[in-house]
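> below is the structure, and that's it, no one-letter string:
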């Protein structure tokens, strides 16, 4: 038997950063995001030998172990080994040796939640193999616990839930890791127009999001007023974006994104830089009405809202910056697992 899973990456449309502790614990956070047709994949093949083999094909990394109930966390493919350790601890030893293979359609540090989405895919394929009684919230919460608590990887809470649930969601975050996922019923014509006008641009650089997120968290702990006020505005942005999408006020999207872009840069140093600011301003001059740095910032993907037919002028204007545009579609489905 072969067991497989796939989970979609996401783009954050508004509220980014308000899902990070301690802000969401103190004030409550809100984010609006949407999953797209880029995925993290995981496959488990059973072995007749007492071995555990883990391969990340997109990273050209692999490790091999003798069968054990706990694998080392040593900086090599820790997401996979961390997930395995947690599942064995919770549900007991696995019944045979296996080979776990993973692939992600976007690089780590892209700002599309690739690491957390991969964690969801890995937990999903184990759940498929071992027939674990896990619902959507269970998988998302387990992914968060393994990545953020047990592996101590800095970050927020939205990515695990987006990858598990899929679609366009307004998410609320509270203390004690309480998360509420509100799926939005947006008319197809509004989504098609958003998809047509929203360009996804890879800056050809990736970044270590944890350093930016740690700085953001520190600003909240230190009661940095500018940073906290910026997060309040981004939470408000999520509510404004939600209303615009539900009512079909698509012409407002660019301005709402620009509102968030200006405030997000105040959350912590390193979220933007001179190169990204130049890219952003060039896109605006070419006809975009707003945009966003995806994820924690500092590199990775950016998005630009280009009304009418300005997408073509924006693409032309950014041609000399060395990045690339990624085609995508919005997706309705989250984590999906199967066996054959």
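Noted; the coordinates are in hand. Computed from a predicted model, the values in this text were never measured in an experiment. Numbering: from 1, shown residues only.

> every contact and neighbour count from this point should use C-alpha atoms.
Will do.

> how many other residues sit next to residue 135?
By other CA atoms under 10 Å, the residues close to residue 135 number 10.

> confidence score at it?
pLDDT for residue 135: 96.

> please apply the same query to residue 155.
Listed pLDDT for residue 155 reads 86.

> using the three-state scheme, assign it.
At residue 155 the chain is in coil, as set by DSSP: H, G, I helix; E, B strand; the rest coil.

> phi, psi of it?
Dihedral pair for residue 155: phi 160, psi -180, per degrees, to the nearest 10.

> need the nearest residue in space to residue 308, chain neighbours excluded.
Ranked by CA to CA, 6 or more residues apart in numbering and with sequence neighbours excluded, the top spatial neighbour of residue 308 is residue 197, at 7.5 Å.

> actually, residue 158.
In this structure, residue 158 finds its nearest non-sequential neighbour in residue 19, 6.4 Å apart by CA to CA, 6+ apart.

> got a list of what that neighbour touches?
Contacts for residue 19 (CA atoms under 8 Å, 6 or more residues apart in numbering) come out as 28, 29, 30, 31, 156, 157, 158, 172, 173.

> wait, the first one sits on residue 176?
No: Residue 28 lies out of contact with residue 176 (CA atoms under 8 Å); the separation is 10.8 Å.

> per-residue confidence for residue 297?
Looking at residue 297, its pLDDT is 53.

> I meant residue 219, not that one.
77.

> count the residues that sit near it.
Using other CA under 10 Å, residue 219 is surrounded by 19 other residues.

> in terms of contact, does it touch residue 227 like I think?
Yes: using CA under 8 Å, residue 219 is in contact with residue 227, at 6.4 Å.

> with adjacent residues omitted, what lies nearest to the residue positioned nearest the centre of the chain?
The residue lying closest to the centre of the chain (CA atoms, centre = their mean) is residue 113, at 2.1 Å. In space, residue 113 comes closest to residue 159 once its chain neighbours are excluded; the distance is 5.4 Å by CA to CA, 6+ apart.

> just the element for the one you found, please.
Element membership for residue 159, per DSSP states H and E: helix 158-165.

> just give me how far the helix ranked longest in the chain sits from the chain centre.
Ranked by number of residues, the top helix in the chain under DSSP state H is helix 225-247. A distance of 18 Å separates the centroid of the chain from that of helix 225-247, by CA atoms, centre = their mean, to the nearest Å.

> next one: stretch 328-335
Counting by CA atoms, centre = their mean, stretch 328-335 is centred 13 Å from the centre of its parent chain.

> let the chain start at 363 from now.
Understood, numbering begins at 363; the last thing we discussed is stretch 690-697.

> burial count for residue 388?
As a burial measure, residue 388 scores 11 neighbours (other CA under 10 Å).

> what does the strand or helix carrying it contact?
Residue 388 is part of helix 385-389, with elements assigned from DSSP H and E. Residues from elsewhere that reach helix 385-389 (CA under 8 Å, 6+ apart): 380, 391, 535, 536, 537, 538, 539, 579, 582, 590.

> out of these, which are buried?
Buried subset of these (neighbour count, 16 or more other CA atoms under 10 Å): 380, 391, 535, 536, 579, 582, 590.

> now intersect those residues with the strands, please.
Among the buried ones among the contacts of helix 385-389, the members found in strands (DSSP state E) are 391, 535, 536.

> and those as TSV, adding distance to residue 451 and pLDDT?
Formatted as TSV, these follow (distance: CA to CA, whole Å; pLDDT from 0 to 100):
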residue	distance to residue 451	pLDDT
391	31	95
535	27	96
536	27	95
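
> nearest to residue 620, of those?
residue 391 (19.6 Å; CA to CA).

> from residue 646, how far off is that closest one?
The gap separating residue 391 from residue 646 is 29 Å, by CA to CA, to the nearest Å.

> about what we covered before: against residue 575, how distant is the residue nearest to residue 520?
Taking CA to CA as the criterion, residue 381 is separated from residue 575 by 11 Å.
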